[in-house]
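[1] Quick one, fold the following:
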Amino acid sequence: MDHFNSIIGQSPALDSLIRSAKIAASTDVTILIKGETGTGKEILATAIQKSSTRANNKFITLNCAALPEGLIESELFGHKKGAFTGANANTQGIFKAADGGTLFLDEINSLPLSIQGKLLRFLDSGEYLPVGETTSYKVNVRIIAATNTDLNKQIDAGEFRQDLYFRLNVVPLELPPLAKRSEDVEHLIKHFLKLFSETHSIAAPQFSKSALKALKAYKWPGNIRELRNLCERLSILLSGRVIEPENLPSEFRSCENTNRPTGFTLPEMGLQLDTLEADLIYQALDRTKGNRSKSARLLGVSRDTLLYRMQKHGLTTH
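    So this is what the prediction gives:
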């Protein structure tokens, strides 16, 4: 079974990432998953774990940003009874619980500096020291970490240890933002509409071509999570209907024009549009040796439109 099928898309960047992830999954190497919030880092980590030799062992996920700094050390490494106020019993900690399995440390960028050194020690030796203990414990745990920030910038700011970064970054896997894989938007939409149709027992809506065009032009600051939420909302509110641009939130309706790449930058001093148009027509005719049909295709217009504009600019072919 290919567990990477849970990662939807066919863009070249994603295909390359999945090939690397499959190779790394078959080993015990430490992996650092990079990517913006909402790009699917936990889904990728889960696919790696399920494809690994530890697939039948424990897989524990910890969001490093979700715990107060004072509790992270105890949560990770456990503590001895009486080690601090409220430590009423011995606690084994996540590393002990994950022995033989895989530990996914999400938002590793939020790990306090005081804990980073202890994690580095574990990665180097496989040993850790519970809070209040004097004897180290050794466990066999594979680490997959993830970050939604540029750790190099945090290193420069003194917020992240460079030696820990090097130890985590053995196999880096970077998930591209959805804005850089717009060809996958339609695949993801089909997946989510089918999912929510089955989940909520409703008829799936359809997106018109113009609505799809607007979605592909959108920048997706929330990435796949934002697209998923939009699909669920529209599946429920517009069940069985054809979704047009006017059914989309305002930020989607305006993005088609404001974010559309033009491939041409207007010079600071401006230009003469008629002169530019005549010059482009002349270049197309010259390249095709005067073939008007081929020239029209090069310029993206109909043959009749080309003939009209040639007449307008007084251009002829021989």
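
[2] Could you point out the helix or strand that follows the strand or helix carrying L234?
    Element membership of L234, judged by DSSP states H and E, is helix 223-237. Counting by DSSP H and E, the element after helix 223-237 in chain order, helix or strand, is strand 242-243.

[3] Partner strands of that following strand, with direction?
    Using DSSP bridges, the strands paired with strand 242-243 are strand 206-207 (parallel).

[4] now the following helix or strand past the partner strand, how far from the chain's geometric center?
    Using DSSP H and E, the helix or strand that follows strand 206-207 in sequence is helix 209-217. Put simply, helix 209-217 sits 20 Å off its chain's centre (CA atoms, centre = their mean, to the nearest Å).

[5] and helix 209-217, what does it pack onto?
    helix 185-200, helix 250-258 (3 or more CB pairs under 8 Å, 6 or more residues apart in numbering; DSSP states H and E). Bear in mind the C-beta positions are built from the backbone N, C-alpha and C, glycine included.

[6] if you set the cut-off to 10 Å instead, what comes out?
    Applying 3 or more CB pairs under 10 Å, 6 or more residues apart in numbering; DSSP states H and E, one finds that helix 209-217 contacts helix 185-200, strand 206-207, helix 223-237, strand 242-243, helix 250-258.

[7] Pull out the buried positions in that helix.
    Neighbour counts over helix 209-217 (16 or more other CB atoms under 10 Å) mark 211-212, 214-217 as buried.

[8] can you list these in a markdown table and add pLDDT?
    Listed next are the buried residues of helix 209-217 as a markdown table, based on pLDDT from 0 to 100:
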| residue | pLDDT |
| --- | --- |
| A211 | 94 |
| L212 | 94 |
| A214 | 93 |
| L215 | 95 |
| K216 | 92 |
| A217 | 91 |
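
[9] what about the residue positioned nearest the centre of the chain, distance to F252?
    Centroid-nearest residue in the chain, with CA atoms, centre = their mean: T39, separated by 2.7 Å. Separation of T39 from F252 (CB to CB, to the nearest Å): 19 Å.

[10] do the same with P12
    26 Å.

[11] Name the residue in those two with the higher neighbour count.
    F252 (16 against 10; other CB atoms under 10 Å).

[12] The residue nearest to the centre of the chain is in what secondary structure piece?
    Judged by DSSP H and E, T39 forms part of no helix or strand.

[13] For this structure, which element, helix or strand, carries the lowest mean pLDDT?
    helix 250-258 (a mean of 66; mean pLDDT, DSSP states H and E).

[14] ok, then the element right after that one?
    helix 273-287.

[15] which residues sit against that following helix?
    Contact partners of helix 273-287, identified using CB atoms under 10 Å, 6 or more residues apart in numbering, comprise 264, 272, 290-292, 294-299, 301, 306, 309-310, 312-317.

[16] Narrow those residues to those that are buried.
    Among the contacts of helix 273-287, those buried by neighbour count (16+ other CB under 10 Å) are 292, 295-296, 298-299, 301, 306, 309-310.

[17] and L103, what does it touch?
    Counted by CB under 10 Å, 6+ apart, L103 has contacts 49, 58-62, 76, 94-95, 97, 122, 139, 141-145.

[18] if you set the cut-off to 6 Å instead, what comes out?
    Each residue near L103 by CB atoms under 6 Å, 6 or more residues apart in numbering is listed here: 60, 141, 143.

[19] Over to H191?
    Contact partners of H191, counting by CB under 6 Å, 6+ apart, are I8.

[20] Could you check how far it is from I108?
    28 Å.

[21] How about T316?
    From T316 across to I108, the span is 68 Å (CB to CB).

[22] pLDDT below threshold where in this protein?
    Along the chain, segments meeting pLDDT under 70 span 254-264, 317-318.

[23] since we're on E183, how many residues are nearby?
    When neighbours are counted by other CB under 10 Å, E183 comes out with 14.

[24] Does it touch S11 like I think?
    Yes. Using CB atoms under 6 Å, E183 is in contact with S11, at 5.2 Å.

[25] Need the residues that contact the helix or strand hosting G70.
    When elements are assigned from DSSP H and E, G70 belongs to helix 69-77. If you take CB under 6 Å, 6+ apart as the criterion, helix 69-77 is touched by 67, 93-95, 112, 115, 128, 130-131.

[26] Let me know the next secondary structure element after that helix.
    Assigned by DSSP H and E, the successor of helix 69-77 is helix 93-97.

[27] what's in contact with that next one?
    60, 62, 76-78, 128, 139, 141.

[28] ok, 7 Å please
    58, 60, 62, 74-78, 103, 122, 128, 130, 137, 139, 141 (CB atoms under 7 Å, 6 or more residues apart in numbering).

[29] And for stretch 198-211?
    By CB under 7 Å, 6+ apart, the list of residues contacting stretch 198-211 reads 189, 193-194, 197, 234-236, 238-245, 248.

[30] Any of those residues buried? List them.
    Neighbour-count burial (16+ other CB under 10 Å) applied to these gives 189, 193, 197, 234-235, 238, 243, 245, 248.

[31] Would you mind measuring from the closest residue to F192 other than its chain neighbours to G35?
    Nearest-residue entry for F192: C231, 3.7 Å, with adjacent residues in sequence omitted and distances by CB to CB, 6 or more residues apart in numbering. C231 is 20 Å from G35, where distance means CB to CB.
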